[in-house]
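Q: task: produce atomic coordinates for the following.
(one chain, ligands or ions: 2)
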Amino acid sequence: MTTTRKHTALPKARILVEALPWLTRHHGKTVVIKFGGNAMVDEELKAAFAQDVVFLRHAGLKPVVVHGGGPQISRALDRHGIVSEFRAGLRVTTEDAMDVVRMVLAGQVQRELVGLLNRHGPLAVGLTGEDAHTLTATRHRPEIDGEPVDIGRVGEITDIDTGAIEALLADGRIPVVSSIARSQDDHHVYNVNADTAAAALAAALGAETLMVLTDVEGLYEDWPNSDEVISRLTASQLEKLLPELSSGMVPKMEGCLHAVRNGVTTARVIDGRVQHSILLEIFTDEGIGTMVVPDEKPDGQGEP
Ligand SMILES: Nc1ncnc2c1ncn2[C@@H]1O[C@H](COP(=O)(O)OP(=O)(O)O)[C@@H](O)[C@H]1O
Ligand SMILES: CC(=O)N[C@@H](CCC(=O)OP(=O)(O)O)C(=O)O
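A: Ligands and ions are numbered 1, 2, ... in the order given. I've put the predicted structure just below:
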């Protein structure tokens with residue numbers, strides 16, 4: 001009986017030990033995890049996501065969740081008779097649309113994730129970038145065909161105050177952040193792309209890793225013609241590739257570049273449709289998606 005129990009337990013022990021190098025490297029480190037709206041496809045997946053995040057927390061890391069909700073916002077806007085339009089990968093956000101964006105992100109998606117995480121204990125606390133001046137933004141006017149274009153209440157982050165998030169982390173909590181920013185000057189709020197917000201927060205928090213969970217396996221080399229995933233890229237290689245990217249991948253990869261150019265050791269784009277994708281990333285040496293690393297320093301001393 002004891003022997004049988006030992007036999008079934010041994011592989012489990014081995015699996016835990018395999019994760020030891022990753023866990024040792026990341027102990028006490030901040031990991032920013034962006035959960036995209038497109039990856040939140042079913043209840044099981046969301047529950048597995050919450051389990052992974054709580055696992056990281058109990059393993060001694062400091063996870064911070066930044067969530068999206070693009071499809072959920074589009075559905076709500078549709079119900080309000082507002083048509084969704086995207087320019088340069090960003091939602092054109094009128095005053096009316098902004099109310100809906102805020103209601104869906106802070107009132108629905110964030111609440112749901114906080115609830116799922118808190119099934120495991122009093123861990124998660126939700127906030128938006130408005131809280132405690134976490135994110136301050138100014139109106140973003142992206143350049144399209146060389147001309148700045150007005151896309152409404154879309155924000156470009158100008159300042160980050162990490163105080164509230166750091167206090168929560170120090171208290172052992174898991175902050176869950178909605179990508180809405182306050183404005184410095186006009187008493188309004190701004191809609192910020194969640195990838196951009198996650199990357200900016202990862203850099204400001206001095207995070208070890210940024211993990212972006214989405215609805216593809218990673219960055220495809222020749223999308224949409226092939227499903228060959230680029231497994232590893234340096235910052236300079238990614239910079240060259242940026243002009244060729246389209247739609248949702250633009251803010252995602254720009255965010256990864258910003259993160260690794262500003263002190264984050266690795267930025268990863270992984271398939272959030274795969275159950276326990278965060279833990280899979282830990283248990284496989286090279287990871288399962290696309291990993292962006294800083295450029296090698298000329299003296300060969302630094303990353304990667
Ligand atoms: N080179 C590429 N590799 C992978 N996906 C790409 C690429 N270029 C564009 N995409 C698109 O980007 C989408 C992911 O971005 P997005 O829809 O904003 O997801 P999320 O809700 O996770 O932020 C993919 O589903 C795909 O349609
Ligand atoms: C300005 C802008 O485009 N904001 C996004 C915010 C949500 C988001 O980014 O969600 P995903 O990560 O699921 O795409 C939007 O309104 O859809």
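Q: from the chain's centre, how far out does the helix or strand of the chain with the lowest mean pLDDT sit?
A: Across the helices and strands of the chain, mean confidence by mean pLDDT, DSSP states H and E is lowest for helix 2-18: a mean of 82. Its chain's C-alpha centre and that of helix 2-18 lie 34 Å apart, by Cα atoms, centre = their mean, to the nearest Å.
Q: find the nearest non-adjacent residue to the residue in the stretch 51-200 of the chain that ligand 2 sits nearest to, please.
A: Per Cβ to the nearest ligand atom, the residue of the stretch 51-200 of the chain with the smallest distance to ligand 2 is G68, at 2.1 Å. Heads up, the C-betas are built off the backbone N, CA and C, glycines and all. Nearest non-adjacent residue to G68, counting by Cβ to Cβ, 6 or more residues apart in numbering: A194, 3.6 Å away.
Q: what's near enough to touch that neighbour?
A: A194 is in contact with 34, 36-37, 66-70, 179, counting by Cβ atoms under 8 Å, 6 or more residues apart in numbering.
Q: which of those residues sits closest to H133?
A: When these are ranked by distance to H133 (Cβ to Cβ), S179 comes first, at 15.1 Å.
Q: for this structure, what lies in contact range of ligand 1?
A: 36-39, 68, 70, 195, 214-216, 219-220, 223, 245-249, 252 (Cβ under 6 Å from any ligand atom).
Q: just the buried residues of those residues.
A: 36-39, 68, 70, 195, 214, 216, 219-220, 223, 245, 248-249, 252 (16 or more other Cβ atoms under 10 Å).
Q: narrow those residues to those in strands?
A: T214 (DSSP state E).
Q: so the spatially most central residue of the chain, which of the three states?
A: Closest to where the C-alpha atoms of the chain average out (Cα atoms, centre = their mean) is K34, at 1.6 Å. Following DSSP: H, G, I helix; E, B strand; the rest coil, the label given to K34 is strand.
Q: what distance do you get for it to M40?
A: Separation of K34 from M40 (Cβ to Cβ, to the nearest Å) stands at 12 Å.
Q: same check, this time on F283
A: 23 Å.
Q: for these two, indicate the residue with more neighbours.
A: M40 (23 against 13; other Cβ atoms under 10 Å).
Q: which non-adjacent residue is nearest that one?
A: K46 (5.7 Å).
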